[in-house]
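*Asks:* sequence and computational prediction follow.
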Amino acid sequence: MFKKILLPVNLVEPKMCEMGIVKGLALARLWGSSIRLVYVEMLLPVAFADYVPTNLGDRLRMASEERILDLADHIDYAQERMSTAVRFGAAYSEILADADEWCADLIVMSSHRPGAATYLLGSNAAFVVRHAKCSVLIVRE
């Protein structure tokens, strides 16, 4: 039985993350688990610092928080058992950090089918599977 299920979401590709949300919710309903939606926004390279507004980070955070809260509002699950988080950095490391900080005992995430580039470069899902301290369920089409 899993009490805390972390659901990483990709707000840029909502159709892909929908599969993970559906499976994660089914498990959460089965066990009465708490769920947490986490979105990781990539950081801009330092080389772009001179070309973007100084408050861009704050604007990105606010926009991402609005979008993830909107997503949470459309999920049919007890609001007191649901939380959200927006983090900045590399997706895999921030997902793992959030899972550790929140004490998740299961991560449910969607992933693309592996292609040639995935085998050469790796993927966020593969990194999470290899390094997570808790169980991980990868959902594919």
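*Replies:* Happy to help now that I have it. None of these values were measured; they are calculated from a predicted model.
*Asks:* the nearest residue to Glu18 once chain neighbours are set aside: neighbouring residues, count only.
*Replies:* Nearest non-adjacent residue to Glu18, counting by Cβ to Cβ, 6 or more residues apart in numbering: Ser110, 7.5 Å away. To be clear about C-beta, it is placed using only N, CA and C from the backbone, and glycine gets the same treatment. Using other Cβ atoms under 10 Å, Ser110 is surrounded by 25 other residues.
*Asks:* what's near enough to touch Ser110?
*Replies:* Asn10, Met16, Cys17, Glu18, Met19, Gly20, Ala125, Ile138, Val139, Arg140 (Cβ atoms under 8 Å, 6 or more residues apart in numbering).
*Asks:* whichever of those residues end up buried, select them in PyMOL.
*Replies:* Buried residues within the contacts of Ser110, by 16 or more other Cβ atoms under 10 Å, are selected in PyMOL with:
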select buried, resi 10+16+17+19+20+125+138+139
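*Asks:* just flag the most distant two among the contacts of Ser110.
*Replies:* Farthest pair in those (Cβ to Cβ) is Glu18 and Ala125. Separation: 15.4 Å.
*Asks:* returning to that earlier point: quick check: phi and psi at the residue nearest to Glu18.
*Replies:* phi -80, psi 160 (degrees, to the nearest 10).
*Asks:* host element of Ile107?
*Replies:* Using DSSP states H and E, Ile107 sits in strand 106-110.
*Asks:* the residue nearest to Glu141 when sequence neighbours are not counted in helix, strand or coil?
*Replies:* In space, and not counting its chain neighbours, Glu141 is closest to Met19: 6.8 Å by Cβ to Cβ, 6+ apart. Put simply, Met19 is helix when judged by DSSP: H, G, I helix; E, B strand; the rest coil.
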